[in-house]
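Peer 1: Next come a sequence and a model predicted from it.
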Amino acid sequence: MSDIKTMVNGLNKFLTAIYGEETRLSILLAMLGFEPQQIDFLRKHHLEQVVTSFITAINECPGIKSKDNRLRMIITRRFGLDGKPPETLQAIGASMGITRERVRQLEQKAIRRCKYHKTRNFLQTSLYQIASSLLSNSEPVSDS
């Protein structure tokens, strides 16, 4: 069973890791040019869709997608992107048959790859398209 709050927290920690400073989904949306009202609307009405679609994009990104999917699996489990509580290096290593040090190395490799300009552009473009699509398919909100 997946928990959206766990996914959001994990996503925010993952974004902070790849941007090197405190970065949350809402900050990234603002960086992409979305207005505070739009971000609030997405949070209130489409949070789960934004988060699950963005996590799917992360899993498809060139920095994490690999032949054996180890990097994707490690990132998903370490940050709780599947909605389950984040797992320790030891627990992931035990289930994969590798040492916790090797899990740490692979996690760092995935994060390093996601820091590349090309990969961050891929992620930002994906998030922009997700948010834009949800906003354009929604009824306009009037405060009056």
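Peer 2: Thanks, I have the structure now. Remember, it's a predicted structure, so these values are computed and weren't measured experimentally.

Peer 1: With only the CA atoms kept, save whichever strand or helix holds Q108 in CSV.
Peer 2: In this structure, Q108 sits in helix 100-114 according to DSSP states H and E. This file holds the C-alpha atoms of helix 100-114, laid out as CSV (Å, rounded to 0.1, in the frame of the first residue of the first chain):
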residue,chain,number,x,y,z
ARG,A,100,25.3,-1.8,2.3
GLU,A,101,28.4,0.0,1.1
ARG,A,102,27.7,-1.1,-2.5
VAL,A,103,24.1,0.2,-2.1
ARG,A,104,25.5,3.5,-0.9
GLN,A,105,27.8,3.7,-3.9
LEU,A,106,25.0,2.9,-6.3
GLU,A,107,22.7,5.5,-4.6
GLN,A,108,25.4,8.1,-5.0
LYS,A,109,26.0,7.1,-8.6
ALA,A,110,22.2,7.7,-9.4
ILE,A,111,22.2,11.0,-7.6
ARG,A,112,25.3,12.1,-9.4
ARG,A,113,23.8,11.2,-12.7
CYS,A,114,20.6,13.1,-11.9
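
Peer 1: Show me the helices in this structure, by range?
Peer 2: Using DSSP state H, the helices found in the chain span residues 4-19, 25-31, 36-60, 70-79, 89-96, 100-114, 117-136.

Peer 1: Turn those into JSON lines, columns for mean neighbour count.
Peer 2: Backbone N, C-alpha and C define where each C-beta goes, glycine included. Output for those, formatted as JSON lines (neighbours: other C-beta atoms under 10 Å):
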{"stretch": "helix 4-19", "mean neighbour count": "18"}
{"stretch": "helix 25-31", "mean neighbour count": "18"}
{"stretch": "helix 36-60", "mean neighbour count": "17"}
{"stretch": "helix 70-79", "mean neighbour count": "22"}
{"stretch": "helix 89-96", "mean neighbour count": "16"}
{"stretch": "helix 100-114", "mean neighbour count": "17"}
{"stretch": "helix 117-136", "mean neighbour count": "16"}
